[in-house]
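Student: Below are the sequence and a predicted model for it; my questions follow.
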Amino acid sequence: MAEIDSPPAQRVSFYFSAHEDDWQLFMNPSAFRDVNDGGTKAAFVHVTAGDAGLGAGSGGRKHPYYLAREHGAVSAIRFMADSNNRAPTEATAAPTTFNAHPIYRVAYRNTVAYFLRLPDGGPAGDGYPDTGNQSLKRLAEGRISALTAIDGTATYPGWGDLVVTLRGILDFERGAADLTDLHVPDLDPVINPDDHPDHVMTAKLALAAADGLSGARLLHHPGYACGAQPESLSGYDRDMKCAVYAVTVAGVMAFDHAMFWQHYVQAFVGRDCCRSAMARECGRLDP
């Protein structure tokens, strides 16, 4: 694995997202609080490319769609990191090798973002024809034997190989930190029914990678089901979540692609549905 300076932290908080706007919608304000905590390193792991079947293509726009989505996510992370009246600085971006697979990594202040760029599984979880009907779900179920990143940089020959790769990221980023928080999509079908298959598989992947990890705390975040909850955020937290998502949208649009602002802001921005063993630290729901 390439040598990279990783800032020391008392706590490392991982955010596992299937798509590049998931943590903004479903895992905030937790993410914002972690990024603004001087003793915490926030690590954002984006598992799929969120390419909607375009692969590395642009869909007739100026830039590939997956790069637009990555730009939106990185813009939002930088916005949070600089929000306390800090002048922007330079990020460090380069592929980093884990388990013999190069993965794109962006480091900025006390944050890191990973982009595995795996094919979007689509609403049914079965992938898209233009990306070979590849998906996390089909790999986990053994219906395909390998999964290749849409930019061709890495091929994972089986679910187990992908799990080992993610465990490498976990071990590297947590280093000698005393505390580890793992933010994952909620797998409870009662609390979070009918979620996107990529969300579900990302949670299963993260939990498998973290198996046996000592001193880790799980924080569960419902996905689409959160939109059915009454608004729970007000004042600063609501404004902050709205701002972070707005920056995400602007980052995507800067790369000549559209995003559905009104639908998502109406459904998710005023809500925080996180649950954990220590609910006061992540949201309003009881454990």
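Tutor: Yep, that arrived. Residues are numbered from 1 along each chain as shown.

Student: Now do stretch 33-51: distance from first to last residue.
Tutor: End-to-end distance of stretch 33-51: 29 Å, with CA to CA, to the nearest Å as the criterion.

Student: Which positions within it qualify as buried?
Tutor: The neighbour-count check on stretch 33-51 (16 or more other CB atoms under 10 Å) flags 33-36, 40-51 as buried. Where C-beta positions appear, they are placed from N, C-alpha and C, glycine not excepted.

Student: so where do the strands sit in the stretch 101-250 of the chain?
Tutor: Along the stretch 101-250 of the chain, the segments classed as strands by DSSP state E, counting those that start in this stretch run 101-108, 111-118, 147-148, 155-156, 179-185, 216-221.

Student: so what does the fifth one touch, helix or strand wise?
Tutor: In this structure, strand 179-185 packs against strand 11-17, helix 22-26, helix 30-35, helix 197-209, strand 216-221, with contacts taken as 3 or more CB pairs under 8 Å, 6 or more residues apart in numbering; DSSP states H and E.

Student: how does it look with 10 Å?
Tutor: Helices and strands touching strand 179-185, by 3 or more CB pairs under 10 Å, 6 or more residues apart in numbering; DSSP states H and E, are strand 11-17, helix 22-26, helix 30-35, strand 40-48, helix 159-174, helix 197-209, strand 216-221, strand 275-276.

Student: from the chain's centre, how far out does it sit?
Tutor: 11 Å (CA atoms, centre = their mean, to the nearest Å).

Student: hmm, back to that, closest to Ala208 out of the buried residues of stretch 33-51?
Tutor: Distance to Ala208, by CB to CB, is smallest for Val47 among the buried residues of stretch 33-51, at 12.4 Å.

Student: ok, back up a step: please identify the most buried of the strands of the stretch 101-250 of the chain.
Tutor: Scoring the strands of the stretch 101-250 of the chain by mean neighbour count under mean count of other CB atoms under 10 Å gives strand 111-118 as the most buried, with a mean of 26.

Student: Name the strands paired with it and say parallel or antiparallel.
Tutor: With DSSP bridges as the test, strand 111-118 is paired with strand 40-48 (parallel), strand 101-108 (antiparallel).

Student: Out of these, flag the one nearest Gly121.
Tutor: strand 40-48 (6.9 Å).

Student: Between helix 197-209 and that closest one, find me the angle.
Tutor: Here strand 40-48 runs at an angle of 130 degrees relative to helix 197-209 (axes from the mean of the first three to the mean of the last three CA atoms, to 10 degrees).

Student: Would you mind measuring from Lys204 to His71?
Tutor: 28 Å (CB to CB, to the nearest Å).

Student: before we move on, the earlier item: can you put the strands of the stretch 101-250 of the chain in TSV and add mean pLDDT and distance to Arg167?
Tutor: Shown next, in TSV, are the strands of the stretch 101-250 of the chain (pLDDT from 0 to 100; distance: least, CB to CB, whole Å):
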stretch	mean pLDDT	distance to Arg167
strand 101-108	98	12
strand 111-118	98	13
strand 147-148	98	17
strand 155-156	98	13
strand 179-185	96	12
strand 216-221	93	12
